[in-house]
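Q: Okay, here's the prediction I keep looking at, along with the sequence it came from:
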Amino acid sequence: MAKGKKINSAILIIGDEILSGRTQDLNVSFLANWLNKNCGITVGEVRVIPDKEKIIVENILQLSKSFSYVFTTGGIGPTHDDITAKSISKAFKVKYRFHEEAYEILKNYYGKKNFNDGRKKMAKMPSGSKLIYNPSSAAPGFMIKNVISLPGVPSILKGMIENSKKFLVKGKITQSKSINLLTVESNISVELANIQKKFKKQVSIGSYPFFRLGKIGVSIVLRSVKLKSIDLCLKEIFKIVKKKNINIFN
């Protein structure tokens, strides 16, 4: 992957507890923001799947072929249902075994007496994996090919995400600007569609209704890797605002 080109990613959330509603996912918005702001990597797709080997394997193979990177969350802990590492090994047809450095890190962290089989399991991963170090609870994540496997616990994931940065090729950072209009979507939908058509290759336009302080309005969000394109697009929107005598909500 060449530095500076458009680089995308997918997030694969693995865990029955997410699908059952018992646990709320807090990682997607954090990862999407972090990836764009720090690496210029956009998130193009998010999937939530259960802890089932066949489903994990299928999704890893599909997404790793379609995206520059795949970030998995969940399923690399010490319990019997944490099967992400084993499933990724199967997907890429490599051995699932102890990573020597990961084993030593965990043994030193827990001490020989408390280094039980469950904790040893966290040192098993696809052969050839690169470690993503974990400053908070020691158990490392890993990267193999273009798949980065991270824990599901948000505080731990946030603490170790910086350690994945060195493995990532940087892309162009997406910039954004927004304007809040005191109107309804239907009043500007045709004009916005025409502007989007005009700038379809340069700018993505999002329209989001809101109700704040007793006022009904629409937030228009413009996204592009080029600020100049956003500004040109904004000029077109301001023409509509002036023509239709729409007030801006600050």
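A: Everything's here; your move. Residues are numbered from 1 along each chain as shown.
Q: What residues sit buried inside the top helix by length along the chain?
A: Longest helix in the chain by number of residues, with DSSP state H as the criterion: helix 227-243. Residues of helix 227-243 classed as buried: 229, 230, 232, 233, 234, 236, 237, 240, 241 (neighbour count, 16 or more other Cβ atoms under 10 Å). In this view, the C-beta of every residue, glycine as well, is placed from N, C-alpha and C.
Q: again with stretch 13-26
A: 13, 14, 15, 18, 25.
Q: Mind pulling up the pLDDT for residue 250?
A: Looking at residue 250, its pLDDT is 84.
Q: Tell me how many other residues surround it.
A: Counted with other Cβ atoms under 10 Å, residues neighbouring residue 250 total 5.
Q: repeat for residue 211
A: The local packing of residue 211 (other Cβ under 10 Å) involves 8 other residues.
Q: Mind listing residues that contact the helix or strand hosting it?
A: For residue 211, the element it lies in under DSSP states H and E is strand 204-212. Strand 204-212 has contacts (Cβ atoms under 8 Å, 6 or more residues apart in numbering) with 180, 184-185, 188-189, 192, 195-196, 199, 216-224, 233, 249.
Q: Show me which of the buried residues of helix 227-243 is closest to residue 102.
A: Closest approach between the buried residues of helix 227-243 and residue 102, by Cβ to Cβ: residue 230, at 43.9 Å.
Q: can you list the weak-confidence ranges in the chain?
A: For the chain, applying pLDDT under 70 flags the ranges 1-5.
Q: which stretches of it form strands?
A: For the chain, applying DSSP state E gives strands covering 7-14, 41-49, 69-73, 96-98, 124-126, 130-134, 138-144, 147-150, 175-181, 204-212, 215-224.
Q: winner for burial among the ones you listed?
A: Each of those was assessed for mean neighbour count using mean count of other Cβ atoms under 10 Å. The highest is strand 69-73, with a mean of 27.
Q: Show me what that one is packed against.
A: strand 7-14, helix 27-39, helix 53-66, strand 147-150 (3 or more Cβ pairs under 8 Å, 6 or more residues apart in numbering; DSSP states H and E).
Q: what does the last one contact?
A: Put plainly, it is strand 147-150. By Cβ under 8 Å, 6+ apart, the surrounding residues in contact with strand 147-150 are 27, 60, 64, 69-73, 75-76, 84-85, 88, 125, 132, 141-143, 157, 160-161, 164, 167.
Q: quick one on the thing from earlier: now the helices and strands packed on strand 69-73 as CSV including distance to residue 113?
A: Output for the helices and strands packed on strand 69-73, formatted as CSV (distance: least, Cβ to Cβ, whole Å):
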stretch, distance to residue 113
strand 7-14, 31
helix 27-39, 33
helix 53-66, 33
strand 147-150, 28
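Q: Please verify my assumption that residue 53 contacts residue 90.
A: Yes - with contact defined as Cβ atoms under 8 Å, residue 53 counts as touching residue 90 (6.8 Å).
Q: The two: who's more crowded?
A: Shown here are residue 53 and residue 90; by other Cβ under 10 Å, residue 90 has more neighbours (18 against 13).
Q: Give the full set of residues in contact with the residue lying closest to the more buried one once chain neighbours are set aside.
A: Counting by Cβ to Cβ, 6 or more residues apart in numbering, residue 57 is the residue found nearest to residue 90 once chain neighbours are left out, at 5.5 Å. Taking Cβ under 8 Å, 6+ apart, we find residue 57 in contact with 87, 90, 91.
Q: show me what contacts the second one?
A: Under the criterion of Cβ under 8 Å, 6+ apart, the contact list for residue 90 reads 53, 57, 96.
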